[in-house]
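Trainee: Sequence and predicted structure below; questions after.
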Number of protein chains: 4
Amino acid sequence: MGVTDPGAERHARHSMILVPLDTPGVTVQRSTSVFGYDDAAHGGHGEITFASVRVPADNLIGEPGSGFAIAQARLGPGRIHHCMRAIGMGERALELMTSRVLERTAFGQPLARQGVIREWIAESRLALDQARLLVLKTAWLIDHGGTKDAASEIAAIKVAAPRAASYVIDRAIQAYGGAGVSADTPLAAMWAAVRTLHLADGPDEVHLRSVARLELGRARERLRG
Amino acid sequence: MGVTDPGAERHARHSMILVPLDTPGVTVQRSTSVFGYDDAAHGGHGEITFASVRVPADNLIGEPGSGFAIAQARLGPGRIHHCMRAIGMGERALELMTSRVLERTAFGQPLARQGVIREWIAESRLALDQARLLVLKTAWLIDHGGTKDAASEIAAIKVAAPRAASYVIDRAIQAYGGAGVSADTPLAAMWAAVRTLHLADGPDEVHLRSVARLELGRARERLRG
Amino acid sequence: MGVTDPGAERHARHSMILVPLDTPGVTVQRSTSVFGYDDAAHGGHGEITFASVRVPADNLIGEPGSGFAIAQARLGPGRIHHCMRAIGMGERALELMTSRVLERTAFGQPLARQGVIREWIAESRLALDQARLLVLKTAWLIDHGGTKDAASEIAAIKVAAPRAASYVIDRAIQAYGGAGVSADTPLAAMWAAVRTLHLADGPDEVHLRSVARLELGRARERLRG
Amino acid sequence: MGVTDPGAERHARHSMILVPLDTPGVTVQRSTSVFGYDDAAHGGHGEITFASVRVPADNLIGEPGSGFAIAQARLGPGRIHHCMRAIGMGERALELMTSRVLERTAFGQPLARQGVIREWIAESRLALDQARLLVLKTAWLIDHGGTKDAASEIAAIKVAAPRAASYVIDRAIQAYGGAGVSADTPLAAMWAAVRTLHLADGPDEVHLRSVARLELGRARERLRG
């Protein structure tokens, strides 16, 4: 995605265009990492330079100047997809945590007998169920009224679902001890993946600002009567 | 409610019986308070003594020995009722908070322009919407499968809904400053009412234990295959 | 304290003057409350009108125009005093909590055997000890360099000490159940008193802003080299 | 460290002995990782097998059966060392965060102007200063009365210092966005290192149990009068 018409109206300056990686002038300067992991889960993020790169006009996606609109159109579905995956990772972490604490003994009894660990399990269930229901409601809103009607909810789940998953995975790691932070369980890698969701497609703080802005807009209408 | 057959099977020992307050032998020793408020919202809690009190047999509710069953039967609906009221109080507090921050100026701009306060508003919306959806799901489960099928969710909302409301009301109080803790807004009284919900019908910790017990039960079945 | 010279330099406009309550023209319109309590602990806060009130010139505290300076001078000591009282209330609440859980039995064992409650006790000890040490350091800084050298710490403890106390008192209330929110223990009244400390002499958020401003000031100096 | 006298009194069963890595029979089966990092910071943790390994008697550390005592003796100093490093990492993360937010612009102003980010900075300063003072007090107690007198504080800082550092580093990561989770800043690696401190030398939960046990012990004495 790049600026193709700097003088155009603000939302019509960008276009999206497909550039095959082997096009002359494209150089992957370096790949990046996420908490020590090779950042390859989505094909990876890298630092890429484009020097006098040329591609056929057919490679343009949609109309010239439609880049911003295309990006916006996928944000709702893209974000809900991130959230569904976060919930899934959270559920898997809760399964791993319950398995661990039923099997592992410390101080003469299974970890599952410890009140503090039971609280983690209960809080995990609360966090996941509440986040899931908000994701489902958001999906329903998108299906019935489009992303515009679901603007507040899309922003809300982008914070709530990774937060729920981060909590559950972190507690599962704690229940596993050293195995939790190592590669002996999938938990550490899941944690790193979910940590990036607090930043990807906008950091949590930007989404919370959006929720607040929409809430204050409704409040202003209410006050006006 | 009292023990009418101490030798009966454990869940058949109690009966419920209506005792008019003016029956001879009934003495209200004292009323109680909740954070300085007269505890009268539900008709109040008091310390009451019963000395050789006699009422007609017709005053018995249901069968002798059915006290426990009657109490259990109302727990699901009673708890969801507490939760619906908590959500309602939370929504009212969020309305009060947004009104306040749009109207009140500090450091040369409306409080609504402060990022920290916007975050409270957004977090309030997240907390209330997630808790409400879990309450609605629980109500649906009770309607379709009865309280038994909804045991985990009833316990979960009993923690989640008062928690959401407590958060929102507390932040609304903070936005109002001195007016928030006084009788100039309904917030302080609402806060006290919701604080009791973390204890009424069982403290949060007992409900979290129940959620964990049910989750671990499912985990054991899963591990058995 | 009132404006005595509106045209003076910004910090020289106010004066402080003693006005006996029985001076003609002084009317206490109403007293206020804190949660359900009469707000009388400090002599109370009220809405007071002054209509053509006259007092002798001798009633002036200090010089004309020194009101702001007098107010500032007492803020450091005043705040640390609030914090010391908060720590004291927190310690008393922790004593009450440990007494309660050693004596009260539920589910066939003293509450003190519950892991979750042990965690409250430990977290209370951590919160109080850390807050106390920061209060002590702040007092040392005031003694050795004056309130100016301790500006960041005074702001920090004004948040940290009430926060620690609020946590401990709230968990003690939870350990006592219904008795905790009633007048049967001093906990509910203590909680209300400490809640006002999150607002008195400036809300937590203003103090946190001050800490951040000073930290960013040091960071700017560091970056300048 | 290994069991050298299974029949001895419980605390006299173990001995510590130096085993050079190139001794015949010693095989490093595999190294481990921490999140995606090679676990080499301390020389690494690995799975090592010992098959009929023999070393000279001179390699014994201290007396036979003194393994437990040696391990205990280093726990206090070892834990405080972990905590001092955690505080240091937290301070470095706060420096990085303040530098970042002063230099990085978003929504037309430096991030340092955002109220939410200022709150992170202030909370970071509160967390680090409080944890540092508790570490310093603990060191003083160890110097003056030995590890036994400081048992509660050693356990407390083992939770408080990594917790403070984890918070600060996490918020610094959030302020850096994608650069925060990558290898472009030291933050991600620091975060992983501090995450292990919530487990190393005993998980947080075990230390909190110790603090609670000691607090309840003092409470029992108080109640006995």
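Mentor: Yep, that arrived.
Trainee: List the buried residues of the lengthiest helix in chain A.
Mentor: Counting by DSSP state H, the longest helix found in chain A is helix A:67-103. Within helix A:67-103, the residues scored as buried using 16 or more other C-beta atoms under 10 Å in any protein chain shown are A:67-68, A:76, A:79-80, A:82-87, A:89-102. Every residue, glycine included, has its C-beta placed from N, CA and C.
Trainee: again, but for stretch A:49-65
Mentor: By 16+ other C-beta under 10 Å, the buried positions in stretch A:49-65 come out as A:60, A:65.
Trainee: residue contacts, the residue positioned nearest the centre of chain A?
Mentor: With distances taken as C-alpha atoms, centre = their mean, residue A:197 lies nearest the centre of chain A, 3.4 Å away. Listed by C-beta atoms under 8 Å, 6 or more residues apart in numbering or on different chains, the contact partners of residue A:197 are A:82, A:86, A:158, A:161-162, A:165.
Trainee: and which of these is nearest chain D?
Mentor: If you rank those by distance to chain D using C-beta to the nearest C-beta, residue A:162 comes first, at 11.9 Å.
Trainee: How many residues are close by whichever residue of chain A sits closest to chain C?
Mentor: The minimum distance from chain A to chain C, using C-beta to the nearest C-beta, falls at residue A:115 (3.2 Å). Neighbourhood size, residue A:115 [other C-beta atoms under 10 Å in any protein chain shown]: 17.
Trainee: which one is it nearest to, not counting chain neighbours?
Mentor: Closest residue to residue A:115 apart from its sequence neighbours, by C-beta to C-beta, 6 or more residues apart in numbering or on different chains: residue C:115 at 3.2 Å.
Trainee: my guess is that neighbour meets residue A:116, correct?
Mentor: Yes: counting by C-beta atoms under 8 Å, residue C:115 does reach residue A:116; the two are 4.5 Å apart.
Trainee: Which residues does the helix or strand that contains residue A:16 contact?
Mentor: In the assignment (DSSP states H and E), residue A:16 maps to strand A:14-17. Contacts with strand A:14-17, where a contact means C-beta under 8 Å, 6+ apart, come from A:1-5, A:55, A:59-62, A:64-68, A:70-71.
Trainee: With just CA atoms, put it into PDB.
Mentor: Extracted as PDB, the C-alpha positions of strand A:14-17 are listed here (Å, rounded to 0.1, in the frame of the first residue of the first chain):
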ATOM      1  CA  HIS A  14      -3.400   5.500  -1.300                       C
ATOM      2  CA  SER A  15      -3.600   2.500  -3.600                       C
ATOM      3  CA  MET A  16      -2.900  -1.200  -3.000                       C
ATOM      4  CA  ILE A  17      -0.800  -3.100  -5.400                       C
END
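Trainee: now it: mean pLDDT?
Mentor: Per-region confidence: strand A:14-17 scores 96 on mean pLDDT.
Trainee: and it, how far from the chain's centre?
Mentor: In terms of C-alpha atoms, centre = their mean, to the nearest Å, the gap separating the centre of strand A:14-17 from the centre of its chain is 23 Å.
Trainee: quick one: strands adjacent to the helix or strand just after it?
Mentor: Once strand A:14-17 ends, the next helix or strand along the chain (criterion: DSSP H and E) is strand A:26-31. If you go by DSSP bridges, strand A:26-31 pairs up with strand A:46-50 (antiparallel).
Trainee: tally of neighbours for residue A:170?
Mentor: Residue A:170 has 21 neighbouring residues, counting by other C-beta under 10 Å.
Trainee: thought it was touching residue A:192?
Mentor: No: Residue A:170 is beyond contact range of residue A:192, at 11.5 Å (criterion: C-beta under 8 Å).
Trainee: helix or strand right after the longest helix of chain A?
Mentor: strand A:105-106.
Trainee: How about residues contacting that next one?
Mentor: By C-beta under 8 Å, 6+ apart, strand A:105-106 touches A:111, A:114.
Trainee: Give me the helices and strands touching the helix or strand containing residue A:137, please.
Mentor: Using DSSP H and E, residue A:137 maps to helix A:115-149. Applying 3 or more C-beta pairs under 8 Å, 6 or more residues apart in numbering or on different chains; DSSP states H and E, one finds that helix A:115-149 makes contact with helix A:67-103, helix A:151-176, helix B:115-145, helix B:151-176, helix B:204-224, helix C:115-145.
Trainee: Name the residues of chain A found near chain C, please.
Mentor: Residues of chain A lying close to chain C by C-beta under 8 Å from any C-beta of the partner chain are A:114-117, A:119.
Trainee: What subset of those is buried?
Mentor: Using 16+ other C-beta under 10 Å, the buried ones in the residues of chain A next to chain C are A:114-117, A:119.
Trainee: show me the contacts for the residue in chain A positioned nearest to chain D.
Mentor: Chain D sits closest to residue A:36 of chain A, with a gap of 2.9 Å, by C-beta to the nearest C-beta. Shown in contact with residue A:36 (C-beta under 8 Å, 6+ apart): A:192, D:33-38, D:183, D:188-189, D:192.
Trainee: Test my guess that residue A:158 contacts residue A:79.
Mentor: Yes: using C-beta under 8 Å, residue A:158 is in contact with residue A:79, at 4.9 Å.
Trainee: Just list the residues touching residue A:68, thanks.
Mentor: Residues near residue A:68 by C-beta under 8 Å, 6+ apart: A:11-14.
Trainee: Output these as CSV; include the columns neighbour count.
Mentor: Shown next, in CSV, are those (neighbours: other C-beta atoms under 10 Å in any protein chain shown):
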residue, neighbour count
A:11, 12
A:12, 17
A:13, 16
A:14, 21
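Trainee: related to what we said a few turns ago, so what's in contact with residue A:158 and residue A:79 at the same time?
Mentor: residue A:201.
Trainee: one step back: pLDDT and secondary structure added to the contacts of residue A:36, as JSON lines?
Mentor: Listed next are the contacts of residue A:36 as JSON lines, based on pLDDT from 0 to 100; DSSP: H, G, I helix; E, B strand; the rest coil:
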{"residue": "A:192", "pLDDT": "97", "secondary structure": "helix"}
{"residue": "D:33", "pLDDT": "93", "secondary structure": "strand"}
{"residue": "D:34", "pLDDT": "95", "secondary structure": "strand"}
{"residue": "D:35", "pLDDT": "96", "secondary structure": "coil"}
{"residue": "D:36", "pLDDT": "94", "secondary structure": "coil"}
{"residue": "D:37", "pLDDT": "94", "secondary structure": "strand"}
{"residue": "D:38", "pLDDT": "88", "secondary structure": "strand"}
{"residue": "D:183", "pLDDT": "94", "secondary structure": "coil"}
{"residue": "D:188", "pLDDT": "98", "secondary structure": "helix"}
{"residue": "D:189", "pLDDT": "97", "secondary structure": "helix"}
{"residue": "D:192", "pLDDT": "97", "secondary structure": "helix"}
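Trainee: Buried only: go through the residues you listed for me.
Mentor: The neighbour count (16+ other C-beta under 10 Å) marks A:192, D:33-37, D:183, D:188-189, D:192 as buried among the contacts of residue A:36.
Trainee: Low-confidence stretches in chain A?
Mentor: Within chain A, the segments meeting pLDDT under 70 span A:41-43.
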